[in-house]
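Enquirer: Predicted model and sequence below, questions to follow.
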Amino acid sequence: MKISLAMATGLAITGSAQAGFTTVVAPTAAGEIGHAAIFDGVYGGSFSASGLNFTNGSITATRIHDFDSGGGHSGSLNLLASSDVGANDQVWHDGIANLQAVARYAGYSQDFGYYQGSDNPGTGFTSGTLLSLVTNPFLGEGPTSSPTNIVGDWRWGRDGTTTNSSLHSDNVDGLDHMVTYMITGAGLAALGYDADATIWMIFFDDQEWPDTDRDFNDLAVEIVARAIPIPAPVMLAGLGLLGLGLSRRRLAASIS
């Protein structure tokens, strides 16, 4: 039986969680690590918690809202945004990104992709699998994708022994199975990240209620997003049309 979104929200914010954010439980299985240790492995330094966020002093992982709790976080999250003002992480919007699986603590193969429109975990990924994961576990050494351009709204998803979406109502149990952080800070430049990139880290929890352990470390993917560049021929054509327009206006002025 599918749990309603209202029930799922009630489950998600029990304990010490803040309104609008899903509770993440510290892992209890042998050999599994939490979000701070995953950030350590990917970005270096020693990350510590600051509320729902983490920082190593030069890089900060800022937690993004998981649902709207009356604070106006009801819209889709732009891939190039600098915050989640007015949005949460269930539905994303417009952009081009490189993707890398950076952590995985689940004992089976998984695939990562996205859903658009009526596509969902029951029908499969919109454009096929973006990342295919067979090694368990890994930290900072997972497969990468070629630049992926997605236009319009979409939801991220993972497919393993269970199949989950970033949109709570897509999931069989109606629960949140993905949490998101925005990665910022001066320390990124030393690691080779471009200054104009928007960097996200998303973490999936795999099993459905009541088997889910809610530690959100079964698959972690880093998303490095950039503005879509205008191809050179298109830019040149645009400049040519602009020049043609100016010439026509000058000609019209000279014979008036």
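Expert: Thanks, I have it. Here the structure is a predicted model, which is why all the values come from computation and not from measurement.

Enquirer: residues near the nearest residue to S58 once chain neighbours are set aside, how many?
Expert: Closest residue to S58 apart from its sequence neighbours, by CB to CB, 6 or more residues apart in numbering: G187 at 3.0 Å. (C-beta placed from N, C-alpha, C; glycine too.) Other residues near G187 come to 18 when the count uses other CB atoms under 10 Å.

Enquirer: Give the residue spans of the stretch 51-200 of the chain that score low on pLDDT.
Expert: Along the stretch 51-200 of the chain, the model assigns pLDDT under 70 to no residue.

Enquirer: ranges for the strands of the chain?
Expert: With DSSP state E as the criterion, the chain has strands at 48-50, 53-55, 60-63, 75-78, 87-104, 110-115, 131-133, 138-139, 148-159, 163-165, 178-184, 198-204, 219-226.

Enquirer: Just list what the fifth one packs against, helices and strands only.
Expert: So that's strand 87-104. When contacts are defined as 3 or more CB pairs under 8 Å, 6 or more residues apart in numbering; DSSP states H and E, strand 87-104 sits against helix 35-43, strand 75-78, strand 110-115, strand 131-133, strand 138-139, strand 148-159, strand 178-184, strand 219-226.

Enquirer: tilt between it and strand 110-115?
Expert: 160 degrees (axes from the mean of the first three to the mean of the last three CA atoms, to 10 degrees).

Enquirer: my read: E222 touches F112, true?
Expert: No. Contact criterion CB atoms under 8 Å: E222 and F112 do not qualify, at 11.4 Å.

Enquirer: Quote the end-to-end distance of stretch 130-142.
Expert: 12 Å (CA to CA, to the nearest Å).

Enquirer: which residues are contacting it?
Expert: With contact meaning CB atoms under 8 Å, 6 or more residues apart in numbering, stretch 130-142 is reached by 31-33, 38, 41-42, 99-114, 143-145, 148, 219, 221.

Enquirer: Check which residues of it are buried.
Expert: For stretch 130-142, the buried set under the neighbour-count rule, 16 or more other CB atoms under 10 Å, comprises L130, L131, L133, F138, L139, G140, G142.
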